[in-house]
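In: starting from these lines, generate the structure:
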Amino acid sequence: MRTCNSGATTTDAAVATDVVALRRSVVAGAVGVFVHWFDWAAYAYLAGIIATVFFPAGNSTTGLLAVFGVFAVSFGIRPIGALVFGPLGDRIGRKRTLSLVIFMMSGATLAIGLLPGYASIGIAAPVLLVLLRLIQGFAAGGEFGSAASFLAESAPRRRRGLGVSWLEVGSLLGFLAGSFVFLLLSTGLDDEQLTSWGWRIPFLISAPLGVIGFIIRDKIEDTPEYRTLEASGSVPRSPVRELLRSHKRQLLQAAGLMAAMHVPFYAVLTYLVTYETDHLGHSPGSAALLSTVISLLGLVLVPLFGMLSDRVGRKPVFVGATAALLVIATPAFLLMRTGLAGTWIAGLLLGVILAAILGTYAVWAAEAFPTRTRQSGLSVAYNVTAALFAGTVPYLMTVLISATGSTLVPGPYLMVFAAGGLVAALSLRETAGSALLHAGDVSDGTAPEARQVH
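Out: Next comes the predicted model:
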């Protein structure tokens, strides 16, 4: 007969409860990010076909530039979405904004999949395409802040880093899934089939994914921290005003962390493919394969780095990653010049560093903000830095290489943002394992630590 003391039983039950809570919050938080990045990858890979379908025949370059212009506009509107959904989530709850943004994103994506082309409705086709991409970008401006706040506040305290890191796992999975669907379409259909109807498939697929995500999010409870604010009558009336008045330092620190994530992310996972083919002479297939391997590596390493930050702290992991990027960035691009093997070694090194940043930046930024303004702070910091630095990476790299004549430009460029992230990280206090309710969050005088329920 097996016996155990009551302490062990209590501990086992607590661990089991933690695991269930973590799984539930991860699925609800990451599903919208997956849908968003699946759509992002599909649109990027199908850009040439979309240009043919939605813009007048003639100059293919003009059509392609128009498609990428629509792509850029969807980035530009995200800060507006952040200013709407961030404060909304601080006022009405994380759950409601999570449900609203995924409903808007998947609805607009479905509409793009059903939209007639230029040959059918003329100028209305590109106009409607722009409108739907604006709706997607507007909703995407609320996705990160809602999901990161929800995951941070729902995950067990001692596994918070692991829980929030799955936000980026969702991003990588969505990106890879979009790439894989495009690969299947491009190999299984001829050009005429792909142009006439095949391009619609990824957009139509994302609609049921969005419905599933909406159902999952609609059935979850809001976070313990937000429910505490509601119960104590401490929900803020003007979160953005409060954020700018009392938490500008945290906003700037979070922006530093996020800029140090955005630039390596787009440089390593998107621009590096173009860099390899245009400046190193590698085949498109080889470049795409390296990008895929780096993404797969990230799927494994990102949650491991999130877990590591729960054990040793956010600061050692993030500082170590940005310091390594500061040292390795330029030598990595020098190594790429030595041949295909050097390119792979350098790319994988940069991928490991990126995974460490992805595994820690979101949870650390979430812990820096008080609960009253957390979603506003995360939304504004993430989307403003994305609009300024993320979508501009390929363009600026191309311009700077052309202006300087040096293919080493990406190295120093990455170093600038690594240094900014390092400064932000060194100015932040360690927050692993801390309570998410800060002093001043609740108005009834209850100590924040007493309000922390997990």
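
In: could you list the single helix or strand in this protein with the lowest mean pLDDT?
Out: helix 448-451 (a mean of 40; mean pLDDT, DSSP states H and E).

In: who are the packing partners of the one helix or strand P394 maps to?
Out: Taking DSSP states H and E as the definition, one finds P394 inside helix 393-404. Using 3 or more C-beta pairs under 8 Å, 6 or more residues apart in numbering; DSSP states H and E as the contact test, the elements touching helix 393-404 are helix 248-266, helix 272-279, helix 410-427. To be clear about C-beta, it is placed using only N, CA and C from the backbone, and glycine gets the same treatment.

In: what about it, average pLDDT?
Out: Averaging pLDDT along helix 393-404 gives 84.

In: ok, stretch 90-109 next?
Out: 92.

In: could I have it exported to CSV, CA atoms only?
Out: Listed next in CSV are the C-alpha coordinates belonging to stretch 90-109 (Å, rounded to 0.1, in the frame of the first residue of the first chain):
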residue,chain,number,x,y,z
ASP,A,90,-7.6,47.8,-19.4
ARG,A,91,-11.2,49.1,-19.1
ILE,A,92,-13.3,46.1,-20.1
GLY,A,93,-11.0,43.1,-19.7
ARG,A,94,-8.5,41.0,-21.6
LYS,A,95,-11.0,38.3,-22.6
ARG,A,96,-13.3,40.7,-24.4
THR,A,97,-10.6,42.3,-26.5
LEU,A,98,-9.0,38.9,-27.3
SER,A,99,-12.4,37.8,-28.7
LEU,A,100,-13.0,41.0,-30.6
VAL,A,101,-9.6,41.2,-32.3
ILE,A,102,-9.6,37.6,-33.5
PHE,A,103,-13.2,38.1,-34.8
MET,A,104,-12.1,41.2,-36.8
MET,A,105,-8.9,39.6,-38.1
SER,A,106,-10.4,36.4,-39.3
GLY,A,107,-13.5,38.1,-40.7
ALA,A,108,-11.4,40.5,-42.8
THR,A,109,-9.1,37.5,-43.9
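
In: S283: neighbour count?
Out: S283 is flanked by 11 other residues according to other C-beta atoms under 10 Å.

In: which residues touch the closest residue in space to it that isn't next to it in sequence?
Out: Nearest residue to S283, sequence neighbours excluded (C-beta to C-beta, 6 or more residues apart in numbering): T277, at 7.3 Å. Applying C-beta atoms under 8 Å, 6 or more residues apart in numbering, we find T277 in contact with S283, P284, A287.

In: need the worst-confidence member of these.
Out: Within those, lowest confidence goes to P284 (81).

In: and it, what does it touch?
Out: V273, T277.

In: what do you get if the cut-off is 10 Å, keeping everything else the same?
Out: V273, T274, E276, T277 (C-beta atoms under 10 Å, 6 or more residues apart in numbering).

In: how much space is there between it and T343?
Out: Between P284 and T343 the computed distance is 14 Å (C-beta to C-beta, to the nearest Å).

In: what do you get for T360?
Out: Distance, T360 to T343, using C-beta to C-beta: 27 Å.

In: these two: which is more packed in?
Out: T360 (33 against 23).
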